[in-house]
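K.L.:
Sequence first, predicted model second:
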Amino acid sequence: MYVDSMWDGSTVLELAIMGFLAEGPLHGYELRRRVARLSGHTRPVSDGSLYPAINRLARAGLLTRRAEPGASAAQRHVLSLTEDGRRELLRRLREPADQDITDSTRFFTILAFLSTLPDIAEQHAVLRRRLEFLERPASFFHDGDRPLRAADVDDPYRRGMLVIAQATNRAERAWLREILD
């Protein structure tokens with residue numbers, strides 16, 4: 001059975017759904033395509049993740065579904081964000097969970113829709129949380145409680161992981177500082 005590891009947390013999938021629908025109504029297949037592309041390299045989004053999330057949002061009154069005739073005999077469903085859905089999207093963007101700040105893939109979902117927040121001060125508050133997280137010492141590998149740096153690791157592949165992560169972290173911190181200045 002295929003599991004959508006990025007979307008397991010469902011709240012990030014719901015955020016992506018609401019974010020894309022905030023841009024305008026979409027057919028289910030187009031929404032699926034956009035969500036898959038957002039996750040990078042067109043990672044598939046299973047029906048077992050997408051449609052339960054759509055159903056949860058519809059039951060909560062955050063989106064609506066209307067059927068329209070399709071090119072074949074099957075009807076197509078057009079999804080739209082409600083005003084309550086827009087308010088919920090803005091709330092989730094203003095107050096992302098800690099996991100949404102610390103996990104790069106989840107943070108990129110926040111970042112994709114952050115400009116939806118009308119107040120730049122609120123946008124910057126989210127970016128400051130990410131910058132504060134990135135400025136803390138971290139590593140994939142530790143010696144006791146001490147994070148290991150690339151120079152501390154003999155295994156070339158683990159060292160590579162650390163070198164890549166350090167370069168990515170440095171680039172992201174520079175971008176965040178530039179935006180926040």
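P.N.:
Everything's here; your move. The structure displayed is predicted, hence computed values, not measured ones.
K.L.:
list the contacts for H77?
P.N.:
Each residue near H77 by CB atoms under 8 Å, 6 or more residues apart in numbering is listed here: 27-28, 65-68. Bear in mind the C-beta positions are built from the backbone N, C-alpha and C, glycine included.
K.L.:
Kindly give a single ChimeraX line that selects the buried subset of these.
P.N.:
Listed next is the ChimeraX selection for buried residues among these, using 16 or more other CB atoms under 10 Å:
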select :28
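K.L.:
In strands, which of the contacts of H77 fall?
P.N.:
Within those, membership in strands is found for 27, 65-68, as judged by DSSP state E.
K.L.:
Reformat these as TSV; add pLDDT and distance to F113.
P.N.:
Shown next, in TSV, are those (pLDDT from 0 to 100; distance: CB to CB, whole Å):
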residue	pLDDT	distance to F113
H27	92	20
R65	93	21
R66	92	23
A67	87	27
E68	81	26
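K.L.:
Let me have those in TSV, extended by distance to E122.
P.N.:
Formatted as TSV, the ones in strands among the contacts of H77 follow (distance: CB to CB, whole Å):
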residue	distance to E122
H27	31
R65	30
R66	32
A67	36
E68	36
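K.L.:
Tell me which residues touch T168, please.
P.N.:
Neighbours of T168 in contact, by CB under 8 Å, 6+ apart: S104.
K.L.:
now it: how far from M161?
P.N.:
Distance, T168 to M161, by CB to CB, to the nearest Å: 11 Å.
K.L.:
domain parsing for the protein?
P.N.:
Split into domains by automatic domain parsing, the chain comes to 5-94, 137-180.
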